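Chemist: Quick one, what's the 3D model for this:
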Amino acid sequence: MDSKSIEELSLNHWPSLSTLLYDGWLLRFANGYTKRANSISPIYDCTYDLQLKIDECEKMYRGQQLPVIYKITPFVHPAHLDEVLAERGYLKHDMTSVQVLDLKHVRQPRLRSVKLSQEADLEWINDFCQMSQVGERHIPTMTTMLDNIKGCKTMISLYADSRAVACGFGVIEREYLGLFDIVTHPDYRNQGYAGQMILHLLQWGKQHGARYSYLAVVANNAPALRLYEKIGYSEIYKYWYRVKEHSPSDVSS
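Modeler: Prediction:
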């Protein structure tokens, strides 16, 4: 599968609440919860005047009281969009590495205390929000987004000392398992729990027809990069965001 198809999968697997198709650009809105779901993905051919088009996008996002965010991948149209946005005062944020893995030789996990569920139940939501410090006002939006994911998915939690210490979820489409929101409790980091949970998630993916996996990790997250390299992931492309703030915002990546 080519890199652009991976980008399409990532858009499908982290859905916004609403999406507007505007001359080849995908404008995504989700009440400000995460940059991924509240940004413009300019990944298809476009024909309109570029400056006027950017003006119109700014009006739409500011009308929603959201910062204007572009996700810049190797597939942007037009190709010089990043330079144009920089000239207009958009700042560069969150360089991210997209990585893939062939599941053929993934090893078995050692730890067995995991829970998998097709839906994000209240226990998983509470554990995830505590570990990742999701603000209370974003929880309804997050829950709706998770419910809106199409395709085969599972939420996973790994337990130690009678408590959830790591959680995340995976989605399968086109034989690819996407990994999302991998998070570990602060008191249990750097002890191997996230790696064990990921191995369980990868085995689940193989059992449900996945042959490959992909994920995205912020490029300055050295511990996560080491973990994914140890498991066998390798980078296929990078992306970053261009952001023009409208007002103070807690939009996360």
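Chemist: what about residue 181, how many residues close to it?
Modeler: Number of residues near residue 181 (other Cβ atoms under 10 Å) recorded here: 17. All C-beta spots, glycine's among them, are computed from the backbone N, C-alpha and C.
Chemist: how near is it to residue 216?
Modeler: When distance is defined by Cβ to Cβ, to the nearest Å, residue 181 is 11 Å away from residue 216.
Chemist: Could you do residue 231 as well?
Modeler: From residue 231 across to residue 216, the span is 15 Å (Cβ to Cβ).
Chemist: neighbour-wise, which of those two wins?
Modeler: Using other Cβ under 10 Å, the more surrounded residue of residue 231 and residue 216 is residue 216, with 22 against 18.
Chemist: from what I can see that one touches residue 95, true?
Modeler: No - counting by Cβ atoms under 8 Å, residue 95 is not a contact partner of residue 216; they are 10.9 Å apart.
Chemist: list residues touching both of the two?
Modeler: Both residue 216 and residue 95 are in contact with residue 239, where contact means Cβ atoms under 8 Å, 6 or more residues apart in numbering.
Chemist: for the stretch 51-200 of the chain, what spans make up the helices?
Modeler: Under the criterion DSSP state H, counting those that start in this stretch, the stretch 51-200 of the chain contains helices at 81-87, 122-132, 139-147, 193-207.
Chemist: So which elements touch the longest one?
Modeler: Helices and strands in packing contact with helix 193-207 are listed as strand 114-117, strand 152-160, strand 163-173, strand 176-184, helix 222-231; criterion 3 or more Cβ pairs under 8 Å, 6 or more residues apart in numbering; DSSP states H and E.
Chemist: Domain-wise, how is the protein divided?
Modeler: Using automatic domain parsing, the domain parsing of the chain gives 3-96+239-244, 101-236.
Chemist: For these, give me CSV that also has mean pLDDT.
Modeler: CSV is the format used below for these (pLDDT from 0 to 100):
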stretch, mean pLDDT
domain 3-96+239-244, 96
domain 101-236, 95
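Chemist: Neighbours of residue 200, how many?
Modeler: 24.
Chemist: try residue 183
Modeler: 19.
Chemist: is it true that it touches residue 167?
Modeler: Yes - using Cβ under 8 Å, residue 183 is in contact with residue 167, at 6.2 Å.
Chemist: residues shared between the contacts of these two?
Modeler: Counting by Cβ under 8 Å, 6+ apart, the shared contacts of residue 183 and residue 167 are 128, 131.
Chemist: Got phi/psi on residue 148?
Modeler: Torsion angles at residue 148 (phi, psi; degrees, to the nearest 10) stand at phi -80, psi 0.
Chemist: Please tell me I have it right and it contacts residue 14.
Modeler: No - look at residue 148 against residue 14 with Cβ under 8 Å: they stay out of range, at 10.0 Å.
Chemist: which of those two has more neighbours?
Modeler: Neighbour count, other Cβ under 10 Å: between residue 148 and residue 14, residue 14 has more, with 20 against 11.
Chemist: Can you tell me the closest non-neighbouring residue to that one?
Modeler: Take residue 14 and drop its neighbours on the chain: the residue closest to it by Cβ to Cβ, 6 or more residues apart in numbering is residue 36, 5.1 Å away.
Chemist: And for residue 240?
Modeler: The nearest residue in space to residue 240 (Cβ to Cβ, 6+ apart) is residue 95, at 4.7 Å.
Chemist: mind checking how far that neighbour is from residue 235?
Modeler: 12 Å.
Chemist: With residue 85 instead?
Modeler: From residue 85 across to residue 235, the span is 24 Å (Cβ to Cβ).
Chemist: Which of the two has more residues huddled nearby?
Modeler: Ranked by neighbour count (other Cβ under 10 Å), residue 85 and residue 235 place residue 85 first, with 23 against 14.
Chemist: tell me, how many neighbours does the closest residue in space to that one that isn't next to it in sequence end up with?
Modeler: Closest residue in space to residue 85, ignoring its immediate chain neighbours: residue 242 at 4.3 Å, by Cβ to Cβ, 6+ apart. Per other Cβ under 10 Å, the neighbour tally for residue 242 reads 23.
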